[in-house]
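Engineer: make a model of this:
(2 chains)
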Amino acid sequence: METLEQIKARVEAAIPGAKLKVLTNDSPCAQHSLLLDPAHAVDVARFLRDDPKLRLDYVSNMAGVDWPDAVIKTKIKKRVEKDGQDVDVEETIESLRSGYLEAVYHVYSMALKHGPVILRLRTEDRLDRISVPSLTPVWRGAEFQEREAYDLYGIQFTGHPDLRRILMWDEFTDYPMRKDYVEPDDYEYEPTPHDDVVEKARRHYAPEAKP
Amino acid sequence: MDEGLKSELQKQGVFATTLGEIYNWGRKNSVWPLSFGLACCAIEMIAASMARWDLARFGAEVFRPSPRQADLMIVAGTVTKKMAPQVVRLYNQMPEPKYVIAMGACAISGGPFKQGYNVLKGIDRYLPVDVHIPGCPPRPEALLHAFVTLQQKIAEQQLTGPNRPRHLRADAPSEFPVPAYGEHDLVPPSNPKVWQPAKMVR
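Structural biologist: Numbering: from 1, shown residues only, chains lettered A, B, ... in the order given. Coordinates of the predicted model:
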């Protein structure tokens, strides 16, 4: 199969205006991915599906990811002159990354037996601009998984034929897989609470302990 | 009647009994479960009903597909909050006398999912459970043991007096309120008439 750079170049040549970005993964699995721009995502997806060299016809997995606001630390090596000598100094630069929600698609080709190509779509933020285009019109298999990502992360998939909650009930208003989800306080006695459960217990018994 | 005297009489060919005993004997030997499973425990329940463990030996051979014909609800598996109203509704549709066995860690306490947001921490929050079986999943033998325990419970019931079973009391409820889906949790999160949280003594 072609590398992501080759795919990116061909997609950008075929679809005017499409901007793709290769996101590298530094961990040992080295699963690099393609970040799609929301405006052209459906066209790009259709290209990947129909292109005779790729024929990515199967979404094996579609996942949601919640990226909260975070401080990103990057280390930069600098050469500084000190006492007449050049010395290497490491400098840490902190930058604020505003949070967003992400939809990740793992697509394979059943016809050509290759894959996966990992596609990512990002929302603008986590609060109100939370829509990404649905790829269900291209890959029908993404329908239920997009519903699940909508249910648990609150990602709005525009163009989805039937965007309803799939696991939780319709009256439910929270998005439980988000990092800032607050569970109902239904802690019950545990003989050996540990880790997060200790915190839960402390929060649960706090109002009793105050007076 | 004295048990020793009764067995002496039986040796002489005189069979003495009471109406209550015959009533309970009939009741305990034809407890038909509702065929209804929620998760992996249901596989063990199915195994218990098949030839190797043979639940039919205890008079529970027919799993009824309709709650109207069933006497026993085996809550076999994880009760999610989304499923809980349906479980309570099925129980309400069963005619008296009816019994509940909570089978497995999930059905009795939420099990490994207890700290999650979507699993009920035990079906005893909404239904009166007769026998709890721990285990993940419990062996079919454990289900048989629970079944025999339930039969013993039925056999020991007095048909008159203040401890008579629920189906002989006009004031005792045979239906329990079905929880509603709320915005964050089930409403109410438990039925206080059936279950109260354990009091913490410090």
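
Engineer: who in chain A is up against chain B?
Structural biologist: Within chain A, the positions near chain B by Cβ under 8 Å from any Cβ of the partner chain are A:167-174, A:176, A:181, A:183-184, A:186, A:188-189, A:196-197, A:200, A:205. In this view, the C-beta of every residue, glycine as well, is placed from N, C-alpha and C.

Engineer: can I have the buried ones of those residues as a PyMOL selection?
Structural biologist: Burial among the residues of chain A next to chain B is assessed by 16 or more other Cβ atoms under 10 Å in any protein chain shown; the matching PyMOL selection reads:
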select buried, chain A and resi 168+169+172+174+176+186+188+200
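
Engineer: so, low pLDDT: which residues of chain B?
Structural biologist: B:202 (pLDDT under 70).

Engineer: how about the strands in it?
Structural biologist: B:72-76, B:99-103, B:131-133, B:180-181, B:186-187 (DSSP state E).

Engineer: any chance of those strands in CSV with distance to chain A and mean neighbour count as columns?
Structural biologist: Converted to CSV, these look like this (distance: least, Cβ to the nearest Cβ, whole Å; neighbours: other Cβ atoms under 10 Å in any protein chain shown):
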stretch, distance to chain A, mean neighbour count
strand B:72-76, 18, 27
strand B:99-103, 16, 25
strand B:131-133, 15, 22
strand B:180-181, 4, 14
strand B:186-187, 9, 16
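
Engineer: report the contact partners of residue 91.
Structural biologist: Just so you know, I chose chain A. Residue A:91 is in contact with A:75, A:76, A:77, A:78, counting by Cβ atoms under 8 Å, 6 or more residues apart in numbering or on different chains.

Engineer: oops, I was thinking of chain B
Structural biologist: Residues near residue B:91 by Cβ under 8 Å, 6+ apart: B:67, B:73, B:98, B:100, B:127, B:176.

Engineer: tell me which residues form a beta bridge with residue 76?
Structural biologist: No chain was given, so I picked chain A. residue A:91 (DSSP bridges).

Engineer: um, chain B though
Structural biologist: Beta-bridge partners, per DSSP bridges, of residue B:76: residue B:103.

Engineer: what about it, distance to residue A:170?
Structural biologist: 27 Å (Cβ to Cβ, to the nearest Å).

Engineer: before we move on, what about residue A:198?
Structural biologist: 34 Å.

Engineer: before we move on, the earlier item: now the strands of chain B in TSV, with distance to residue A:145?
Structural biologist: Below are those laid out as TSV (distance: least, Cβ to Cβ, whole Å):
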stretch	distance to residue A:145
strand B:72-76	29
strand B:99-103	32
strand B:131-133	35
strand B:180-181	23
strand B:186-187	26
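
Engineer: hmm, residue B:84 is touching residue B:120, no?
Structural biologist: Yes - using Cβ atoms under 8 Å, residue B:84 makes contact with residue B:120 at a distance of 5.0 Å.

Engineer: joint contacts of these two?
Structural biologist: Common neighbours of residue B:84 and residue B:120 (criterion: Cβ under 8 Å, 6+ apart): B:126, B:186.

Engineer: looking at those two, which one has more neighbours?
Structural biologist: Neighbours per residue (other Cβ atoms under 10 Å in any protein chain shown) separate residue B:84 from residue B:120, with residue B:120 holding more: 27 against 20.

Engineer: how about the nearest residue to that one, chain neighbours excluded?
Structural biologist: Closest residue to residue B:120 apart from its sequence neighbours, by Cβ to Cβ, 6 or more residues apart in numbering or on different chains: residue B:79 at 4.4 Å.
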